[in-house]
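[1] My questions concern the predicted model and sequence given below.
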Amino acid sequence: MFAQGTAAMKVDVMIIGAMKCGTTTLADLLKAHPQVDLCAQKEPEFFSKHADPLAALPEYHALFDQNASKLHAEASTGYTFLPHFRLDVPELVHRYNPDVKLIYLVRDPIERTVSHYMHVYERGYIDLSLVEAVRTLPLMINVSRYTTQLKPWMERFGRKAILLLDFADLINDRDTVLARVADHLGIDRSGFPPAAGVHSNRSIGGNKTHHAFDKPPRWARIGWNLTPAPFRSRLWTSIARGKARPFDTKPELPAEWKRSVMRLLELEVIELEKLMGKDLSAWWTSAGLERDR
């Protein structure tokens, strides 16, 4: 049973992944659309991390503006982190709203893996080299198992509920992609902002905050409150910069590792091509392999 008082609204749209495939860019474009209310919290991960999400829906709904005339939308890539978060996310979401519209983005697995590595390294979660991260952290590969991640969602919601998009198309043919998004969600195609320059969460040229600053310890909060207001921002920025670990250039997987990653994912990609109706041969080419037909 849902908690009392949760029936007034439902989240209508979820961007469920994949990580480092343009989800933040798409979320920012949806946020600017007048018919969409995007969740106030970036990646709430409510159904993947909350102990009992269906019993705490008022807490979830409080992240939205409650405007009944808008579609309520959120983006949580952890919803497709099988098996690293809870396994029943699709079932929980289906129990919550069986009519939710889903969006899932994919990307060349090698490019996605490198971008994933850069993100977790810059945020201070790991201190490994790129090769060591790929070799020792299963999540680096599992997030790119797109078909495996999609199947539980398709079993619950059906294929038509899920819009599959390619990161390369979002970057290179954005108007077409946004038209598809609008049609999938039933919103006005012309409501999106001029999107040519929108590219959120860039790997190079950004300055990601160390994860320690997401939820500062008690001593840090006390120090913040004791610091005179005019100096708080300057002090916080100085400390954050001291923890920053930005990349000047993208690291690159050695050729043999690129080939190995693609061979691990070969059956996944073949099945994904069928689901998308799209030729993904370029992914093999970028890994230095020829696609077996």
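    Yes, it's here. Numbering: from 1, shown residues only.

[2] Please list all residues in contact with Lys20.
    If you count contacts by CB atoms under 8 Å, 6 or more residues apart in numbering, Lys20 has them with Arg107, Arg112, Ser115, His116, His119, Val143. The C-beta positions use only the backbone N, C-alpha and C, and glycine is treated the same way.

[3] what about the strands in the stretch 1-150 of the chain?
    Counting by DSSP state E, counting those that start in this stretch, the stretch 1-150 of the chain has strands at residues 13-17, 36-38, 71-75, 101-106.

[4] Could you say which one of the ones you listed comes nearest to His50?
    Using CB to CB as the criterion, the shortest distance between His50 and the strands of the stretch 1-150 of the chain is 13.0 Å, found for strand 71-75.

[5] so how far is that closest one off the chain centroid?
    Relative to its parent chain, strand 71-75 has a centroid offset of 13 Å by CA atoms, centre = their mean, to the nearest Å.

[6] For it, give the mean pLDDT please.
    Across strand 71-75, the average pLDDT comes to 98.

[7] what does stretch 186-203 give?
    The average pLDDT for stretch 186-203 rounds to 76.

[8] mind showing which ranges of the stretch 51-200 of the chain have poor pLDDT?
    By pLDDT under 70, the weakly predicted segments of the stretch 51-200 of the chain are 195-200.

[9] pretty sure Ser48 contacts Arg86?
    Yes. The pair Ser48 and Arg86 qualifies as a contact (CB atoms under 8 Å) at a distance of 5.9 Å.

[10] ok, those two, which is more surrounded?
    It is Ser48, of Ser48 and Arg86, that has more neighbours when counted by other CB atoms under 10 Å, with 23 against 18.

[11] any chance of the strands of the stretch 1-150 of the chain in TSV, with distance to Glu290 too?
    As requested, the strands of the stretch 1-150 of the chain are exported to TSV (distance: least, CB to CB, whole Å):
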stretch	distance to Glu290
strand 13-17	29
strand 36-38	42
strand 71-75	36
strand 101-106	21
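
[12] Of the ones you listed, which is nearest Leu164?
    Ranking the strands of the stretch 1-150 of the chain by their distance to Leu164 (criterion: CB to CB) puts strand 101-106 first, at 5.6 Å.

[13] Contacts made by the closest one with the rest, please.
    Counting by CB under 8 Å, 6+ apart, 12-18, 21-23, 26, 80, 146, 149-150, 153, 157, 161-167, 170, 181, 184-185, 272, 276 sit against strand 101-106.

[14] Repeat that for stretch 140-157.
    Under the criterion CB under 8 Å, 6+ apart, residues 16-20, 77, 80-84, 89-91, 93-94, 98, 100, 102, 104, 106, 109, 112-113, 116-117, 133-134, 161-162, 164, 261, 264-265, 267-269, 271-272, 275 lie in contact with stretch 140-157.

[15] continuing past whichever helix or strand Leu164 is part of, what's the next helix or strand?
    Using DSSP states H and E, Leu164 sits in strand 162-166. Moving toward the C-terminus from strand 162-166, the next helix or strand (DSSP H and E) is helix 167-172.

[16] Alpha carbons only: can I get the helix or strand following that following helix in PDB?
    Moving toward the C-terminus from helix 167-172, the first helix or strand encountered (DSSP H and E) is helix 174-185. As requested, C-alpha coordinates have been extracted for helix 174-185 and formatted as PDB (Å, rounded to 0.1, in the frame of the first residue of the first chain):
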ATOM      1  CA  ARG A 174      19.900  17.300 -31.200                       C
ATOM      2  CA  ASP A 175      16.800  18.700 -32.800                       C
ATOM      3  CA  THR A 176      15.700  15.300 -34.100                       C
ATOM      4  CA  VAL A 177      16.400  13.700 -30.700                       C
ATOM      5  CA  LEU A 178      14.400  16.400 -28.900                       C
ATOM      6  CA  ALA A 179      11.500  15.900 -31.300                       C
ATOM      7  CA  ARG A 180      11.500  12.200 -30.400                       C
ATOM      8  CA  VAL A 181      11.600  13.100 -26.700                       C
ATOM      9  CA  ALA A 182       8.700  15.500 -27.100                       C
ATOM     10  CA  ASP A 183       6.600  12.900 -29.000                       C
ATOM     11  CA  HIS A 184       7.400  10.200 -26.500                       C
ATOM     12  CA  LEU A 185       6.300  12.400 -23.600                       C
END
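
[17] Nice, that's everything, thank you.
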